[in-house]
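*Asks:* from the sequence below, what's the structure:
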Amino acid sequence: MATALLEDARPAMWGIDRRGSDPSSDVLRFGRHRIPLSAIASVDGEEEKTRPIDGLLLGAALFLIIATFIAFGVFEGKWLMRFLIGASFMTFLGLIGLIEISKIRSQRLYRVRISLKSGEAVTFASTDFADVQRLMARISPQN
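*Replies:* Numbers count the residues shown, from 1 in each chain. I've put the predicted structure just below:
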């Protein structure tokens, strides 16, 4: 079911509101922003790639450190041998975390920086490259 939702075309996160027959009076709308197309000075796009592994790496490291501490206590501190079950479990969780880290792919975020003639700048961000391309093609100042 989740795959079916992802395969459908997503609606655009922005829109152009017509304000009469004159195209220069059209208004770009996204989020809380309403920007007249005639007020746009320039449009710049950029792609940001991230690999969010910080939390998983921290969790895996903590599990492995705890497993090492427990194993050290059993072998050197004369703790009961049954604590090795906990050390094995913690090691297992740490290794699973490291395997999970290796499976994570980069996530891409596309940003469009819209500079206005007033000097103000507004940013639109999306994970949909086609949506960002359509937006940039529609609001470029030469259009």
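
*Asks:* can you pull out the helices in this structure?
*Replies:* Ranges of helices in the chain, per DSSP state H, are 2-7, 54-76, 83-103, 129-139.

*Asks:* now render those as a markdown table, adding mean pLDDT.
*Replies:* Shown next, in a markdown table, are those (pLDDT from 0 to 100):
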| stretch | mean pLDDT |
| --- | --- |
| helix 2-7 | 54 |
| helix 54-76 | 95 |
| helix 83-103 | 95 |
| helix 129-139 | 88 |
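
*Asks:* those helices: which one's closest to Leu109?
*Replies:* Nearest of those to Leu109, taken as Cβ to Cβ: helix 129-139 at 9.7 Å. Just so you know, the C-beta spots here come from the backbone N, C-alpha and C atoms, and that holds for glycine as well.

*Asks:* could you dump that closest one to PDB, C-alpha only?
*Replies:* Taking Å, rounded to 0.1, in the frame of the first residue of the first chain, the C-alpha atoms of helix 129-139 are listed here in PDB:
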ATOM      1  CA  PHE A 129      12.900  17.300  -8.300                       C
ATOM      2  CA  ALA A 130      10.300  17.500 -11.000                       C
ATOM      3  CA  ASP A 131       8.200  19.800  -8.900                       C
ATOM      4  CA  VAL A 132      11.200  22.100  -8.300                       C
ATOM      5  CA  GLN A 133      12.000  22.100 -12.000                       C
ATOM      6  CA  ARG A 134       8.400  23.100 -12.900                       C
ATOM      7  CA  LEU A 135       8.500  25.900 -10.300                       C
ATOM      8  CA  MET A 136      11.800  27.300 -11.500                       C
ATOM      9  CA  ALA A 137      10.700  27.200 -15.200                       C
ATOM     10  CA  ARG A 138       7.400  29.000 -14.300                       C
ATOM     11  CA  ILE A 139       8.800  31.800 -12.200                       C
END
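
*Asks:* hmm, who's touching it?
*Replies:* Around helix 129-139, the neighbours that count as contacts under Cβ atoms under 8 Å, 6 or more residues apart in numbering are 10, 12-14, 16, 28, 37, 40, 43, 45, 108, 110, 112, 114, 124, 126, 143.
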